[in-house]
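>>> Return atomic coordinates for the entry below.
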Amino acid sequence: MTGILFLIDHSMAIKSYPILMSFSFAVVFGHSLMYPPTIIEKLARLREPELDMNGVRYTRKVTFAWVIFFVANGTISTWTAIYGSLETWTIYNGFISYILIGLMFGLEFIIRLFVIQRKAS
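Here you go, the predicted structure:
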């Protein structure tokens, strides 16, 4: 798709990269929800091979949250590519989206600590 866009409009071809990445991640994470184990469960089992059912349910919820995040991120990236200026596209896709990914990861980590602590109690 990007190759065809490159022939038609060079700037849209470049701008399509973050869109394709976000929607690709959403598809991969969503596919893992339909055909478990989920991506997050696989990662969790690297640290805790004997993950219990509560852990499996939690990792499904986190995987679903990532799907929503990637769809939202891809939608915003699409909007900035079509309607935004080059400056707006650059600020969102080159800075803000990475901050949001870090926040999502950080918040999930904090929530996971509470979930683990509650489970240990």
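
>>> So which residues make contact with stretch 111-121?
Defining contact as CB atoms under 8 Å, 6 or more residues apart in numbering, one finds that stretch 111-121 is touched by 54, 58, 62. The C-beta positions use only the backbone N, C-alpha and C, and glycine is treated the same way.

>>> hmm, try it at 6 Å
Tyr58 (CB atoms under 6 Å, 6 or more residues apart in numbering).

>>> Now the residue nearest to the spatial centre of the chain: closest residue in space, sequence neighbours ignored.
In the chain, the C-alpha closest to the average C-alpha coordinate belongs to Phe70, at a distance of 3.9 Å (CA atoms, centre = their mean). Spatially, and ignoring its direct neighbours in sequence, Phe70 is nearest to Ala26 (3.8 Å; CB to CB, 6 or more residues apart in numbering).

>>> how far away is that neighbour from Thr75?
10 Å (CB to CB, to the nearest Å).

>>> And for Gly94?
Gly94 is 17 Å from Thr75, by CB to CB.

>>> more neighbours, these two?
Comparing Gly94 with Thr75 by neighbour count (other CB atoms under 10 Å), the higher total belongs to Thr75, at 13 against 10.

>>> Roughly how far does the more buried one sit from Leu100?
13 Å.

>>> how about the strand or helix carrying Ala13: buried residues?
Secondary structure assignment for Ala13, by DSSP states H and E: helix 10-34. Going by neighbour count (16 or more other CB atoms under 10 Å), the buried part of helix 10-34 is 13, 15-16, 18-19, 21-23, 25-26, 29-30, 32.
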